[in-house]
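*Asks:* Attaching a predicted model along with its sequence, questions to come.
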Amino acid sequence: MQRSLKVVLFGTGFLARTRARCWKRVHGAQVAVVVAARDRAKAAAFAQQHGLHGACTIDEALADPSVDLVDLCVPNRAHRELAERAFAAGKHVLCTKPLTAYWGQGLPADASAAAVAAVPRAQMLAAAVADAEAMVAAAARAGRRLFYGENWLHAPAIRRAMQLAAASSGVVLEMRGWESHSGSHSPYAKDWRATGGGALLRLGAHPIGAMLWWKRHEGLRLRGQPTRCIAVTAEVADTTAAVRATRAQCDVVSGWEHVENWGSCVLHFDDGSRGVAYGADTYLGGMQSHLSVLGSTFRFECALSPVDALRAYAVRDGAFGGEYVMEKVSGQAGWSTPIPDEDEVSGQQGLVQAVAGEVVGGGGGEGGGCGDGGLGLEVVRVVYAGYVSAGEGRRVAVG
């Protein structure tokens with residue numbers, strides 16, 4: 001008999017739509033998915049649109065003893081509060097990346113975006129790390145699991161590359177990863193008060209998380225202890241300043257308010273290897289998500305998006321009706337690369353499948369391959385050390 005699992009999505013935005021699709025496809029368990037929002041009517045409309053099992057308020061979801069897991073698909077500033085409430089109510093938590101962020105902790109509630117963005121980066125680092133540590137501690141006190149929702153860890157290309165690397169006699173010398181597109185779906189992305197940073201945080205967190213995860217497991221396998229990132233060197237910018245200076249046409253998202261739309265950082269690992277992570281809102285032509293792994297005896301190119309398993313050509317836009325091509329592609333004319341199953345290729349499907357297996361099977365640690373709160377905490381340390389580095393123009397130690 002299949003075990004049952006009741007999952008509540010907190011939120012009704014872009015990520016919640018993705019997770020709704022993925023949870024409905026989980027196998028090995030009977031999964032009931034409901035959605036919760038502060039506005040019951042909004043939750044009900046979302047549930048009906050996506051064929052979910054029901055809708056409720058956040059308070060009702062937390063009071064429901066039948067709920068096993070809360071999937072946080074809400075702005076970064078809400079992660080700690082809702083996670084701690086869920087743990088106190090006896091629920092497991094899946095928290096999307098980043099685990100925490102700096103959104104104005106310690107400032108007046110009515111502080112402006114400019115005031116939040118002006119806070120010294122070292123202060124931001126301390127506050128974001130403190131929140132992440134509090135979430136990890138709350139999960140431990142409650143005896144519940146805190147899953148870190150980094151989908152790159154479950155992308156088939158990266159999973160297979162890690163298997164091949166583990167079977168080789170080599171070691172990773174360098175990793176290069178990026179996620180880039182033409183601008184965020186969310187208006188929250190432009191505001192420090194909701195997001196806690198720009199492209200380095202929103203997009204760069206993906207390759208950073210994958211690199212930290214890979215080197216952690218490689219270190220455990222080869223020398224009995226995780227390989228850690230010990231320092232970061234970073235740069236950030238709002239490159240659309242060039243548009244304002246020249247009054248040029250701009251087809252990527254602009255109007256960024258105190259957050260960067262371009263960020264890159266170098267990760268310095270304690271075994272001498274390096275990682276280069278990059279995120280930008282300046283890529284036209286669709287989402288680009290890629291991890292290059294250069295080893296002493298191997299090389300891997302892990303493509304999450306685009307992939308050329310299917311290539312399509314259309315003479316004119318609309319030739320395929322209303323069919324979806326891939327994230328951030330605005331039309332169908334010319335050559336395109338429709339992804340046969342974007343949720344699978346990106347790792348989103350593998351993520352929820354792994355979490356379901358851990359909760360239903362009662363697995364502990366990382367044997368099931370799920371990212372945990374410790375990884376989320378490490379990503380927060382690296383990203384905000386990167387902001388300190390970019391702000392002060394120097395290499396910054398991590399932890």
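*Replies:* Right, received. Where do you want to start? All figures in this text were calculated on a predicted structure; none of them were measured in a lab. Residues are numbered from 1 along each chain as shown.

*Asks:* Can you give me every residue that contacts Met162?
*Replies:* Residues counted as contacts of Met162 (C-beta atoms under 8 Å, 6 or more residues apart in numbering) are 214, 217. All C-beta spots, glycine's among them, are computed from the backbone N, C-alpha and C.

*Asks:* Report the secondary structure element holding it.
*Replies:* helix 156-167 (DSSP states H and E).

*Asks:* moving C-terminal of that helix, what's the next helix or strand?
*Replies:* Towards the C-terminus, the helix or strand next in line after helix 156-167, according to DSSP H and E, is strand 172-180.

*Asks:* What about Tyr324, how many residues nearby?
*Replies:* Applying other C-beta atoms under 10 Å, we find 11 residues neighbouring Tyr324.

*Asks:* distance of Tyr148 from Cys95?
*Replies:* Here the distance between Tyr148 and Cys95 works out to 6 Å (C-beta to C-beta, to the nearest Å).

*Asks:* now do Met211
*Replies:* Applying C-beta to C-beta, the value for Met211 to Cys95 is 20 Å.

*Asks:* CA atoms of the helix or strand Ala114 falls within as PDB?
*Replies:* When secondary structure is defined using DSSP H and E, the element that contains Ala114 is helix 113-117. Output of helix 113-117 as PDB, limited to C-alpha atoms (Å, rounded to 0.1, in the frame of the first residue of the first chain):
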ATOM      1  CA  ALA A 113      14.100  50.300  -0.500                       C
ATOM      2  CA  ALA A 114      17.000  52.800  -0.700                       C
ATOM      3  CA  ALA A 115      17.500  52.700   3.100                       C
ATOM      4  CA  VAL A 116      17.600  48.900   3.100                       C
ATOM      5  CA  ALA A 117      20.000  48.800   0.200                       C
END
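
*Asks:* Give me the contacts around that helix.
*Replies:* For helix 113-117, the surrounding residues in contact (C-beta under 8 Å, 6+ apart) are 102-104, 107, 191-193, 257-259.

*Asks:* all helices in this protein, in order from the N-terminus.
*Replies:* Using DSSP state H, the helices of the chain run over 14-24, 40-50, 58-63, 79-88, 113-117, 121-142, 156-167, 192-195, 199-202, 205-223, 241-246, 342-346, 348-361, 373-392.

*Asks:* can I see the domain layout of the protein?
*Replies:* When the chain is parsed into structural domains using automatic domain parsing, the resulting residue ranges are 3-151, 153-344+380-397.

*Asks:* could those domains go into TSV alongside distance to Gly373 and mean pLDDT?
*Replies:* Listed next are those as TSV, based on distance: least, C-beta to C-beta, whole Å; pLDDT from 0 to 100:
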stretch	distance to Gly373	mean pLDDT
domain 3-151	4	96
domain 153-344+380-397	10	95
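
*Asks:* Mind checking these for the one nearest to Ala354?
*Replies:* Each of the domains of the chain was checked against Ala354 via C-beta to C-beta, and the shortest separation belongs to domain 153-344+380-397, namely 6.1 Å.

*Asks:* Including distance to Val355, could the domains of the chain go into JSON lines?
*Replies:* What follows is those, written out as JSON lines (distance: least, C-beta to C-beta, whole Å):
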{"stretch": "domain 3-151", "distance to Val355": "5"}
{"stretch": "domain 153-344+380-397", "distance to Val355": "9"}
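
*Asks:* between these, which gets nearest to Cys370?
*Replies:* Of all the domains of the chain, the one in closest proximity to Cys370, counting by C-beta to C-beta, is domain 3-151 (5.3 Å).
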